[in-house]
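Any chance you could fold what I've pasted below:
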Amino acid sequence: MIELTIAISLETFYKSQRLRNLQFKWLLFFFVFGCFYKRETEALSTNDYQRYVEYPEYCSTPEQMNQRRILPVRQDNRVGETRLVSVTAIIRHGARTSLGHHTCWEGYWTTAETSVWDCEITTRITTAPPTTVSKEAGLQIAGGREIFLFDKKYDSLRKPDGTTSNILNGTCQAGQLLRKGYDQSYRNGQILREAYLYDDGPSPIQQNAQMRLFPTKIEKATAMIRFRSDDDQRTLMSGQALILGLLEESTFSPLVQIHLADRGRDILSINKDICPRLTELGETSQNSREYLSFASSDEAALMHQFMNESFGRILDHPLACLMTTICNDFSLPNVFDDYPLQNEKVQLHRNDTNAKLGGKYGLNRFQRLFQYDVQNVMTPLQSDNAALLKLAMGPLWAEILDLIRAVTEDSRSKTDGQAPRFHLVSAHDTTVSALLSTLGGAVWNVTDWPPYAAMVVLEVHEIVGGRTNQNIFSSDFAFRLLYNGRVLTTTVPGCDPHADLCDITVLYNILHPFASRSRDCAPRNSPKDPWQEHISRGLHTRGIGTVLVSVTLAGILIGSILACWIVACPCPYLRHGSISL
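Model prediction:
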């Protein structure tokens, strides 16, 4: 079997014989940022986030990222000494380009600002012969040969010519990671480094012995790290940027394996193609009491009316359109250019359009439209005790728990096992929200949505000292759950609302019913009749009244045509009512 080692972005370039003796950080700078040389002397975020006074948390500006630091565990007199044995980080990728040719609003794909996406950061790959691969030492080429690097440039269809252009009309891939997204993921790595890595050298870091995961200068880091991702460019590069931030001061050059699956078969997101039951649960959720209550609310009706009046239709992707625009410093349409809402009078009378819409639809329309779309997605998914999300995320939770159990078993046996102590899962917003939703509505509610580079951290601590309350800590291990630096353990059902740590059996009990690779994906009901499905979909997208009026008018039209034909037809048996329809 031929094994290929592929480095996307910049994991292996520095192993070149010619550059081997240079410091890792200079190599990192040269290779990562050399791909947009024209701006290498500028501060990374100099030209970002300039248009607006304030940005939504979704954008993950440098200031917002700095608020997500991970603090040590708070002292708890009910538990003795603890030590950190495992960290699982589930991240959303950083800021990206548009996922496709969304028709956000009139002019979106015709104005220069939003119609052409050119990217500063590119993907580089290298393929090494199988005999040169070493997990610990990286790439070693016999005879001092150089490693070939291949820089992927999406410029062959750069200039639009009829239909022969890239999806985003420039050099960016649809949905690829932007440079600011790279910076966000790298910062996540630094946050993890500050929280968990330690160094007893001249400039020691992490003096709290309870929070030390592994040393910065460890020579076999690959044995400590497991990197899981799907096969999207933005998740692969985000994960790599995080690991580079995590190990930024390290002097070794590891080969880090990325654990993948066929993209169409992967389970890091809600994949209905491989689990038909998810489609069925999705249809059921659209008829749930919770969703029908939201869909018929005054605010939902007002947002529908607002979109129809402003754009002539219901926007397909309000959340994506709004946030991709504001987070990239593009111009927002006047109809919801009211973020941030600093002064009601200023916003209401900024221009004639805003004055008119403000009087009719109220203020803060940007944020309200964003919240409408979030709830429109999350409300049905969390219905029926999040049954759909539990089925979708069961295999991923099983992966995570298997690694946690392996680490805890190593700790119990006091052996230096091979279980990785740091597990990184690089995925999507829907992964983060789905995983947290399966833990309960108090952990993640229908108004939440993960920002760029959102990070969930699941710590596992071994209790090595005496316990004062075995009713609360009945096992030898406890967990702490964090989201963007904020402790969520207190919101997990069964955990103390005032403590950072919770016995790990609580987590196991919550996940046990559905955390499995062997899930039941068989549909329960027979397939719907296409016409019935069309009517059902119409009830949700157009409103019950609109559909009933349409059906009534169609019936009158068909009845009139049929009546005229019967009258004109020379067939007496029709006039005497002998027809069977």
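
Could I have the CA atoms of stretch 100-111 written out in CSV?
Extracted in CSV, the C-alpha atoms of stretch 100-111 (Å, rounded to 0.1, in the frame of the first residue of the first chain):
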residue,chain,number,x,y,z
GLY,A,100,-21.4,30.1,-2.7
HIS,A,101,-23.2,32.4,-5.1
HIS,A,102,-25.8,33.5,-2.6
THR,A,103,-28.3,36.0,-3.9
CYS,A,104,-28.3,38.1,-0.7
TRP,A,105,-29.8,41.3,-2.0
GLU,A,106,-29.9,43.3,-5.2
GLY,A,107,-26.5,44.4,-6.3
TYR,A,108,-24.6,41.9,-4.1
TRP,A,109,-23.1,40.2,-7.1
THR,A,110,-22.7,43.2,-9.3
THR,A,111,-20.9,45.7,-7.0
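
For it, buried residues please.
Cys104, Trp105, Tyr108, Trp109 (16 or more other Cβ atoms under 10 Å). For every residue, glycine as well, the C-beta is placed using N, CA and C.

so the spatially closest residue to Thr491 that is not a sequence neighbour, which of the three states?
Nearest non-adjacent residue to Thr491, counting by Cβ to Cβ, 6 or more residues apart in numbering: Ala442, 4.4 Å away. Secondary structure, DSSP: H, G, I helix; E, B strand; the rest coil: Ala442 is coil.

on that earlier part again, how about the buried residues of stretch 100-111, which pair is most distant?
Trp105 and Trp109 (9.8 Å; Cβ to Cβ).

How about the contacts made by the nearest residue to Asp118 once chain neighbours are set aside?
Spatial nearest neighbour of Asp118, chain neighbours left out: Gly170 (4.1 Å); criterion: Cβ to Cβ, 6+ apart. Neighbouring residues of Gly170 by Cβ atoms under 8 Å, 6 or more residues apart in numbering: Val116, Trp117, Asp118, Cys119, Arg158.

Including distance to Arg69 and pLDDT, could those residues go into TSV?
Below are those laid out as TSV (distance: Cβ to Cβ, whole Å; pLDDT from 0 to 100):
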residue	distance to Arg69	pLDDT
Val116	37	89
Trp117	32	90
Asp118	33	90
Cys119	29	89
Arg158	40	73
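
Would you mind putting those into CSV with distance to Glu290, neighbour count and secondary structure alongside?
Compiled in CSV, the contacts of Gly170 are given as follows (distance: Cβ to Cβ, whole Å; neighbours: other Cβ atoms under 10 Å; DSSP: H, G, I helix; E, B strand; the rest coil):
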residue, distance to Glu290, neighbour count, secondary structure
Val116, 41, 18, coil
Trp117, 37, 21, coil
Asp118, 43, 13, coil
Cys119, 40, 21, coil
Arg158, 47, 15, coil
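
Quick check: pLDDT value at Gly264.
pLDDT for Gly264: 95.

Neighbours of the closest residue to it other than its chain neighbours, how many?
Spatial nearest neighbour of Gly264, chain neighbours left out: Asp273 (6.4 Å); criterion: Cβ to Cβ, 6+ apart. The burial count assigned to Asp273 is 9, neighbours taken as other Cβ atoms under 10 Å.

where does Asp273 fall, phi/psi-wise?
Asp273 adopts backbone torsions of phi -70, psi -30, taken as degrees, to the nearest 10.

Please look at it and Asp266 and confirm they touch.
No. Judged on Cβ atoms under 8 Å, Asp273 makes no contact with Asp266 at a distance of 10.2 Å.

quick revisit: list the ones among the buried residues of stretch 100-111 that fall in helices.
Within these, no residue falls in helices by DSSP state H.

In JSON lines: the residues you listed, plus distance to Gln367.
As requested, the buried residues of stretch 100-111 are exported to JSON lines (distance: Cβ to Cβ, whole Å):
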{"residue": "Cys104", "distance to Gln367": "17"}
{"residue": "Trp105", "distance to Gln367": "17"}
{"residue": "Tyr108", "distance to Gln367": "20"}
{"residue": "Trp109", "distance to Gln367": "25"}
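
which one of these sits closest to Met224?
Closest to Met224, out of all of those and judged by Cβ to Cβ, is Cys104, at 43.6 Å.

element containing the nearest residue to the closest one once chain neighbours are set aside?
Leaving out its chain neighbours, the residue that sits closest to Cys104 by Cβ to Cβ, 6+ apart is Cys321, at 3.6 Å. Counting by DSSP states H and E, the element that carries Cys321 is helix 318-327.

host element of Val374?
Following DSSP H and E, one finds Val374 within helix 365-413.

which parts of the helix holding Cys321 are buried?
Residues Pro318, Leu319, Ala320, Cys321, Leu322, Met323, Thr324, Thr325, Ile326, Cys327 are the ones in helix 318-327 that count as buried (16+ other Cβ under 10 Å).

again with stretch 402-419
Within stretch 402-419, the residues that count as buried by 16+ other Cβ under 10 Å are Leu403, Ile404, Arg405, Ala406, Val407, Thr408, Asp410, Ser411, Ala419.

swap in stretch 214-230?
Under the neighbour-count criterion of 16+ other Cβ under 10 Å, stretch 214-230 has 214-218, 221-230 buried.

that older thread, the residue nearest to Cys104 reaches His101, doesn't it?
No. Under the criterion of Cβ under 8 Å, Cys321 is not in contact with His101, lying 11.9 Å apart.

got any ranges where the stretch 301-450 of the chain has weak pLDDT?
Residue ranges of the stretch 301-450 of the chain with pLDDT under 70: 341-358, 414-417.
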